[in-house]
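Asker: what's the 3D shape of this:
(chains A, B, C and D)
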Number of protein chains: 2
Amino acid sequence: MEKLPIEVEQAASILKLLGDKTRLTIVSILNQRECCVCELLEVFDMSQPSISQHLRKLKDAGMVKEERRGQWIYYSLNHQCELYGFIKGILERMLVPEEKIQQIEQSNVTLKCGC
Amino acid sequence: MEKLPIEVEQAASILKLLGDKTRLTIVSILNQRECCVCELLEVFDMSQPSISQHLRKLKDAGMVKEERRGQWIYYSLNHQCELYGFIKGILERMLVPEEKIQQIEQSNVTLKCGC
DNA sequence: TTATGATATAACTATATACTTATATAATAT
DNA sequence: ATATTATATAAGTATATAGTTATATCATAA
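Answerer: Residues are numbered from 1 along each chain as shown, chains lettered A, B, ... in the order given. So this is what the prediction gives:
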């Protein structure tokens, strides 16, 4: 399933999505843990709409899925996505953004969320 | 060497370069055979400067190297590039553009080039 | 019901990008 | 020398993109 070769055109559109520092970092974080928007907001020097818009693009491409829990919407990588193997292959060769993940975990956002 | 993890920022810039259909196709073709500009020109519905500009970007990133042979300049993937393993990993999951490669080989461009 | 907090959407803007055409450079052939 | 062929570079343009601020939606809490 992971090993099915991908069309050039399809690959290009995925790579274009991942070819943005902010989005690639988001995806790399989501590969470690699910996050709500306000958690991601902790580690980017950027407005909330900007983060939401990036997540929207990732969702539209099927790379990411969302799940509402009360007030919060949790985003996570969509392992069911037919391109997940392709994406995983890329993430595996990248450094995990430990610092940002720590920053999220040390923020009190999660406490407020109660998750 | 291939397995050293890559910084997010560096990965993003490579993925952005590959996230263009034309460039990704070029790279995918060069993964099979070296080509001169006029050969690539055979398989893209695009002006010569456009192809040259794409090759320039790939060269600037170190992904591609060039070698002049007389009138022609041959482009090929730069296996010495520290990111070659990363790129190769992506190409391995993609369909080879056989049709375009055939098109290049059946064109008489190579005959004229005498290579 | 009203206020608050989390997120999404809309509208706008500045910049980046992928093309184009025109021209320059460089090698070969006549 | 001059013409031809291959390629690069310059300049211009239309569109895409990533950000912004303002506002809407939706869930919870008071």
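
Asker: can you pull the contacts of the residue most central in space within chain A?
Answerer: Geometric centre of chain A, nearest residue: A:V27, 2.9 Å, by Cα atoms, centre = their mean. Applying Cβ atoms under 8 Å, 6 or more residues apart in numbering or on different chains, we find A:V27 in contact with A:L18, A:L58, A:M63, A:V64, A:L77, A:I87, A:L91. Any C-beta I mention is one placed from the backbone N, CA and C, and that applies to glycine too.

Asker: Show the pLDDT at the residue lying closest to A:V96 once chain neighbours are set aside.
Answerer: Counting by Cβ to Cβ, 6 or more residues apart in numbering or on different chains, A:Q32 is the residue found nearest to A:V96 once chain neighbours are left out, at 6.3 Å. Per-residue confidence at A:Q32 stands at 98 (pLDDT).

Asker: A:Q32 and A:L95 touch, don't they?
Answerer: No: applying Cβ atoms under 8 Å as the test, A:Q32 and A:L95 come out as separate, 11.7 Å apart.

Asker: If you rank the contacts of A:V27 by neighbours, which is first?
Answerer: Of all the contacts of A:V27, A:L18 has the most neighbours under the rule other Cβ atoms under 10 Å in any protein chain shown, reaching 28 neighbours.

Asker: Please report how far the closest residue to that residue other than its chain neighbours lies from A:N108.
Answerer: Nearest residue to A:L18 in three dimensions, chain neighbours excluded: B:L15, at 4.6 Å (Cβ to Cβ, 6+ apart). Between B:L15 and A:N108 the distance is 33 Å, computed by Cβ to Cβ, to the nearest Å.

Asker: Neighbour count for these two, which is higher?
Answerer: Neighbour totals were compared for B:L15 and A:N108, and B:L15 leads with 24 against 8 (other Cβ under 10 Å).

Asker: Could you check the strand or helix carrying that one against DNA strand D for contacts?
Answerer: If you go by DSSP states H and E, B:L15 is part of helix B:8-18. No: using Cβ under 7 Å from any atom of the strand, helix B:8-18 never reaches DNA strand D; the gap is at least 8.1 Å.

Asker: Show me which positions of that helix end up buried.
Answerer: For helix B:8-18, burial by neighbour count (16 or more other Cβ atoms under 10 Å in any protein chain shown) applies to B:V8, B:A11, B:A12, B:S13, B:I14, B:L15, B:K16, B:L17, B:L18.

Asker: how close does the last one sit to B:I104?
Answerer: B:L18 sits 20 Å away from B:I104, taking Cβ to Cβ as the criterion.
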